[in-house]
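Asker: have a look at this prediction, sequence included:
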There are 2 protein chains.
Amino acid sequence: MKEEEISYYEKKVSENPINLDDWKAGVHNKTLKIAIIGIGRIGLPTSLMIAKAGYITFGIDIKQDYVEKINQGGGDPPIKFILDEPNLPEILKEVISNGKFSASTDFVKYISLANIIIICVPTPITSQKVPDYSKINEVIKNIGSLKELIKDKIVIIESTVSPLYVKNIGIPLLEKISGLEINKDFWIASCPERADPGNIIKNLKSIPRIVGACNENASKIVASFYKTVFDVNIIQVSNPRTANSVKLIENIFRVVNIAFSNEIAQLSRLLDIDYMEVLKGAKSKYNFLPHYPGPGVGGPCLPANPYFLITDGYLVSFTPNLVRLATEINQRQPAHITELIFEGLNKIKLPISETPIAVLGISYKPDVKDTQMSSVFPILNDLRQYGASITLYDPYFANEEEQGLKIELNYKFIKNNYPIILVHTGHNEFRSQEFMDFLKECKNLKMIIDCQNIYEKEDLPKGIYYIGVGRPLKYLE
Amino acid sequence: MKEEEISYYEKKVSENPINLDDWKAGVHNKTLKIAIIGIGRIGLPTSLMIAKAGYITFGIDIKQDYVEKINQGGGDPPIKFILDEPNLPEILKEVISNGKFSASTDFVKYISLANIIIICVPTPITSQKVPDYSKINEVIKNIGSLKELIKDKIVIIESTVSPLYVKNIGIPLLEKISGLEINKDFWIASCPERADPGNIIKNLKSIPRIVGACNENASKIVASFYKTVFDVNIIQVSNPRTANSVKLIENIFRVVNIAFSNEIAQLSRLLDIDYMEVLKGAKSKYNFLPHYPGPGVGGPCLPANPYFLITDGYLVSFTPNLVRLATEINQRQPAHITELIFEGLNKIKLPISETPIAVLGISYKPDVKDTQMSSVFPILNDLRQYGASITLYDPYFANEEEQGLKIELNYKFIKNNYPIILVHTGHNEFRSQEFMDFLKECKNLKMIIDCQNIYEKEDLPKGIYYIGVGRPLKYLE
């Protein structure tokens, strides 16, 4: 058990306290210059919103061609994910044409010019399930190597990091390389991003931000800066480790509840209960929040975030076993889908080997073009190992290739020779009336496996089998 | 994997289908007679609401003196828990004086008279953590032994039972003893109670009811009956096992989330993070629902409900490990409180043996007089094993004895000789300004251990230590 008291400050403030009035004027008059390092999925929309608020904003990235395309308003052919995110292309055009925003690979020049440096580089996990801080550490080293040039700047970390990262790694690294001192020569804050792909601009403008800084004045400045940019509530917490805990806990809450749903879904099938019907009842109670079973969790956050907490747990010899078990339940969920496929195939007396299976949807969630850590990949690996004959379709990847897999142009290929359809992602297209009508034309269709429970039996063709996650196999008559 | 299809019906309806119109008229005109077996915490308020709605209602219980007191409007001295529950005494007086309600031990007479029989007896768990169905099975046997007298009646189970109970135990038992046949001679439905001690009348009038019956007509009748009594939404589900799953899942959801909070609370302390501050931040996200850490879960539902699901899992060789782990984390939480006490004692350099400890609050939750499965008991056992000198106080049990322990008349005893106060239950009295002022007069007070995190450090006397659950030890200066 630790003996020290918690301090509001990560380290005591020394002789050069931050000048609150000067900084507040810089926020108020928008005279502060802002550099964002890493202008990808989160960093770009963040930069654009900062520029739109009136600050001179520099977006820094390492890929020259990417940076050029950004400066051309998206380029031609346009960068894929930019056009995906609602409102982003319009804002990009606006802040480029009014001169508030420019992208560059010139790290030294723009970091030196900026007053606030925001780090938005990705922090994934390795295959050994530990956080991969290589990119963020590299960025911090590069900032530190500017030495005196970074004096009196505020560094804000938006990337996902473990609670102890800033205190144990970030600050010591920056101090060592720069020869400068935190709370005297520079300041650090965490303000973890809380946005969700597909809704990033909307989230940035509505979800409160959590600020935890190295001292109280830095916290106030960062809070007022974010307030001017996003006009959302700003919640100031005691320190960076608390801010980063908030980000992790809110996502791990979802991991745990989705795992609970996946576990009970499996048990419900065995008890001959439709778990979707149970959830419909349970959510009528005021203190119940439904989470839905599925093929597993994907995306940049949910599969990775638990490990940021688990690895900090190692440092204090405390493993959060519930979190670990929940994470593993979700990881095993694709194998449960394979089990459902076997159950279905057995029912229609077909072997898995060489039976044509149409797999619909490869995105990790509905209506976004994103396959990061999508649960479709372990399912496809399983099916290929068993020699299945798979054809893929996803409206967001029509006619493209993804991880070496050819994606069909549309779903019409199913019409004649596919006894099994596996719906992996609940894209709107697969819920459309047109699609439901098409299913009725599929003469050889014998079975639908619905990983997202998007169908009700009344809507499906008669004479086929239906399996959902947490829903017992049903012959539709 | 099961091969049968799910059926809406538990068993196929045979030649004597339930007469929907007759029953609906009985509901509409309130001519149906209703018998409730087990008029305790849930059964009594339920009976009274049924009587208040206009039905002739019989409350059946086995204790003669209890039944007499009920018929006297609560008796003198009044029955404790009746006066506890808001509005209950008034409704009891009303339905006794207008003749709609009477209590009796005469099982045979009133079951024979009733059209609908509602079972509300308790179904606790044994010390081996399996459901104890002895009372409900006894009731079903007694109903069955009336044979032809129970023809054409509907039996409703409100007691908590496992999903498979009605199908595997309830129906076969009733058929065997009575010689009658389900869906021909009698009907069964589950309508699990969803009320919470302290708010029972309020809950009964606001939380939707879940009805799952042995066939569709029985479901409609039971639904319309409950609608006339409670005027809440009625959700009809496919069968009793689905209805009983709903009840369990909504409570187990809370068990899992409280365990998550207890686990992260422990980790947070080790990382020098105040988990209450994390929760304050996290709950600002639209899809987060906070649950708070504490000394464990108590009461009739949360500690017991997971085992109803786990034991059904045994029947299909599927253990819901996340649910089991969550249940065990909550069970170990009292031991964590002991750990906090040791940490605190070490700080103030006192041994646990013979150090006077004031324990405040023995109820399992705030502002109710109820110690069922309260987490205070394992904490007290621990402390006594270590030879601690404990004094107890709880405003709801002032000057009473509970499980052999004398409860003080008020909290003034703390004033002189108690270095440690352990607040177990967050009763309003312990949050009052009067109590906060009193704490400042306690000269020898050195430490407060706050099992419910009800205090902020600003409100407490200076010069003492404070420990919360998930909050690092803090010296207040």
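Answerer: Looks like it came in fine. Residues are numbered from 1 along each chain as shown, chains lettered A, B, ... in the order given.
Asker: what does the stretch 51-200 of chain A put close to chain B?
Answerer: A:163, A:164, A:194 (Cβ under 8 Å from any Cβ of the partner chain). To be clear about C-beta, it is placed using only N, CA and C from the backbone, and glycine gets the same treatment.
Asker: restricted to helices, list those.
Answerer: Members of these lying in helices (criterion: DSSP state H): none.
Asker: ok, and the most crowded of these?
Answerer: Counting neighbours by other Cβ atoms under 10 Å in any protein chain shown, residue A:163 comes out on top of these with 31 neighbours.
Asker: I'd like the distance between that one and residue A:305.
Answerer: Residue A:163 is 12 Å from residue A:305, where distance means Cβ to Cβ, to the nearest Å.
Asker: check residue A:87 too.
Answerer: 26 Å.
Asker: which residue would be the closest one in the stretch 101-250 of chain A to chain B?
Answerer: residue A:246 (3.6 Å; Cβ to the nearest Cβ).
Asker: wait, doesn't that residue sit right on residue A:210?
Answerer: Yes - shown here, residue A:246 and residue A:210 form a contact pair, counting by Cβ atoms under 8 Å, at 4.7 Å.
Asker: what is in contact with those two at once?
Answerer: Overlap between the contact sets of residue A:246 and residue A:210, as judged by Cβ atoms under 8 Å, 6 or more residues apart in numbering or on different chains, is given by A:192, A:237, B:281.
Asker: just send those residues back as TSV, with secondary structure too.
Answerer: Below are the shared contacts of residue A:246 and residue A:210 laid out as TSV (DSSP: H, G, I helix; E, B strand; the rest coil):
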residue	secondary structure
A:192	coil
A:237	strand
B:281	helix
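Asker: any idea which helix or strand carries residue A:35?
Answerer: In the assignment (DSSP states H and E), residue A:35 maps to strand A:33-37.
Asker: specify the angle between the following helix or strand past that strand and strand A:33-37 in degrees.
Answerer: Using DSSP H and E, the helix or strand that follows strand A:33-37 in sequence is helix A:43-52. For helix A:43-52 against strand A:33-37, the angle by axes from the mean of the first three to the mean of the last three Cα atoms, to 10 degrees is 170 degrees.
Asker: give the other helices and strands that helix A:43-52 contacts.
Answerer: strand A:33-37, strand A:56-60, helix A:88-97, strand A:101-104, helix A:200-204, helix A:216-230 (3 or more Cβ pairs under 8 Å, 6 or more residues apart in numbering or on different chains; DSSP states H and E).
Asker: ok so, going back, neighbour-wise, which of residue A:87 and residue A:305 wins?
Answerer: Per other Cβ under 10 Å, whichever of residue A:87 and residue A:305 has more neighbours is residue A:305, with 25 against 13.
Asker: nearest residue to that one other than its sequence neighbours?
Answerer: The spatially closest residue to residue A:305, leaving aside those adjacent along the chain, is residue A:251, at 4.4 Å (Cβ to Cβ, 6 or more residues apart in numbering or on different chains).
Asker: isn't that neighbour up against residue A:308?
Answerer: No - in this structure residue A:251 lies outside contact range of residue A:308 using Cβ under 8 Å: 9.5 Å.
Asker: which outside residues touch the strand or helix carrying residue A:27?
Answerer: Assigned by DSSP H and E, residue A:27 belongs to helix A:20-28. Contacts with helix A:20-28, where a contact means Cβ under 8 Å, 6+ apart, come from A:31, A:32, A:115, A:217, A:220, A:221, A:224, A:225, A:228.
Asker: tally of neighbours for the third one?
Answerer: Yep, that's residue A:115 we're talking about. 19.
Asker: can you tell me the closest non-neighbouring residue to it?
Answerer: In space, residue A:115 is closest to residue A:32, 4.4 Å off (Cβ to Cβ, 6+ apart).
Asker: got the contact list for that neighbour?
Answerer: A:23, A:26, A:55, A:115, A:116, A:225.
Asker: so residue A:320 sits right up against residue A:313, yeah?
Answerer: Yes - between residue A:320 and residue A:313 there is a contact at 5.6 Å, judged by Cβ under 8 Å.
Asker: which residues do those two both contact?
Answerer: residue B:267.
Asker: so for residue A:83, what's the pLDDT?
Answerer: We have a pLDDT of 67 for residue A:83.
Asker: and what of residue A:4?
Answerer: At residue A:4, pLDDT is 39.
Asker: what segments of the stretch 51-200 of chain A are helices?
Answerer: A:64-71, A:80-84, A:88-97, A:107-113, A:134-144, A:165, A:171-178, A:200-204 (DSSP state H, counting those that start in this stretch).
Asker: comparing the ones you listed by mean pLDDT, which bottoms out?
Answerer: helix A:80-84 (a mean of 71).
Asker: with adjacent residues omitted, what lies nearest to the closest residue to chain B within the stretch 301-450 of chain A?
Answerer: Across the stretch 301-450 of chain A, the shortest distance to chain B (Cβ to the nearest Cβ) belongs to residue A:316, at 3.9 Å. Leaving aside its chain neighbours, residue A:316 sits nearest to residue B:270 (3.9 Å; criterion: Cβ to Cβ, 6+ apart).
Asker: touching, residue A:123 and residue A:160? I think so.
Answerer: Yes - with contacts counted by Cβ under 8 Å, residue A:123 reaches residue A:160, the gap being 5.2 Å.
Asker: residue of the stretch 351-477 of chain A with the smallest distance to chain B?
Answerer: Closest point on the stretch 351-477 of chain A to chain B, by Cβ to the nearest Cβ, is residue A:472, at 5.3 Å.
Asker: ok, back up a step: which residues touch the residue of the stretch 101-250 of chain A closest to chain B?
Answerer: Contacts of residue A:246 (Cβ under 8 Å, 6+ apart): A:192, A:210, A:237, B:278, B:281, B:282.
Asker: next: residue A:409.
Answerer: A:398, A:399.
Asker: can you check the pLDDT for it?
Answerer: With respect to pLDDT, residue A:409 has a value of 96.
Asker: for it, which three-state class applies?
Answerer: Going by three-state DSSP: residue A:409 is coil.
Asker: what about it, distance to residue A:391?
Answerer: 11 Å.
Asker: again, but for residue A:163
Answerer: From residue A:163 to residue A:391 the distance is 45 Å (Cβ to Cβ).
Asker: then residue A:223?
Answerer: Counting by Cβ to Cβ - residue A:223 and residue A:391 are separated by 52 Å.
Asker: okay, and the common contacts of residue A:163 and residue A:305?
Answerer: residue A:248.
Asker: no further questions, thank you.
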